[in-house]
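J.: next comes the sequence, and after it the predicted model I'd like to discuss.
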Amino acid sequence: MDKATFAAGCFWGVEVAYRRVPGVTTTRVGYTGGDTPNPSYEIVCTGQSGHAEAVEVTFDPARVGYDELLEVFWAVHDPTQADRQGPDVGSQYRSAIFTHGPEQEAAARASLARLAAAKTYPGEIVTEIAPAGPFHLAEDYHQQYLEKRGRQAGRLF
């Protein structure tokens with residue numbers, strides 16, 4: 001099994017999208033990309049922790065490739081919005097790909113370059129690509145939040 005970590009706004013809908021992908025074995029929502037040790041939802045929501053709401057995806061590379069996971073990432077959010085997604089505003093909602101190793105980094109950068117060259121989006125892609133750091137698991141009530149409530153995420157492909 002391999003891991004991938006993506007931040008694309010509020011983690012609830014992003015988690016639903018990845019849970020639907022054949023070959024994804026588990027998802028966890030949490031916080032990454034910041035400096036605050038042991039952040040909580042309340043701390044992350046202030047925008048002062050440096051962390052982004054993110055989804056950690058465990059996947060079987062024999063069933064789904066990292067490039068396919070990148071396609072989902074680009075499809076579920078607007079990577080041209082800096083520090084926000086729709087009504088959610090703050091650095092905790094930024095667009096980011098946190099890579100686990102040089103192969104993922106190269107794939108993420110190539111994917112971004114292809115989309116930028118094709119002018120897939122009307123604005124500049126502002127997605128951050130950075131090495132994955134510590135992943136802090138979000139509180140239990142955030143895990144599979146929409147599924148637990150029988151709701152579907154909005155903008156899913």
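T.: Arrived safely.
J.: need the helices for the protein, in chain order.
T.: Under the criterion DSSP state H, the chain contains helices at 11-19, 41-45, 66-75, 102-118, 145-148.
J.: tell me where the model's unsure across the chain.
T.: The chain contains residues with pLDDT under 70 at 145, 151-157.
J.: what's the burial count for residue 108?
T.: 24 (other CB atoms under 10 Å). For the C-beta atoms, the positions are set from N, CA and C on the backbone; glycine is no exception.
J.: if we can go back for a sec, figure out which of the helices of the chain is closest to residue 55.
T.: Nearest to residue 55 among the helices of the chain is helix 11-19; the distance by CB to CB comes to 4.9 Å.
J.: isn't residue 81 up against residue 125?
T.: No. If you go by CB atoms under 8 Å, residue 81 and residue 125 don't touch, sitting 10.1 Å apart.
J.: and the helices of the chain as a markdown table, adding distance to residue 60?
T.: Below are the helices of the chain laid out as a markdown table (distance: least, CB to CB, whole Å):
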| stretch | distance to residue 60 |
| --- | --- |
| helix 11-19 | 13 |
| helix 41-45 | 30 |
| helix 66-75 | 11 |
| helix 102-118 | 15 |
| helix 145-148 | 21 |
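J.: residue 139: what's it in contact with?
T.: Shown in contact with residue 139 (CB atoms under 8 Å, 6 or more residues apart in numbering): 40, 41.
J.: so for residue 81 and residue 125, which sits in the more crowded spot?
T.: residue 81 (18 against 15).
J.: quick one, what contacts that one?
T.: So residue 81 contacts 95, 126 (CB under 8 Å, 6+ apart).
J.: please report the distance of it from residue 143.
T.: The gap separating residue 81 from residue 143 is 25 Å, by CB to CB, to the nearest Å.
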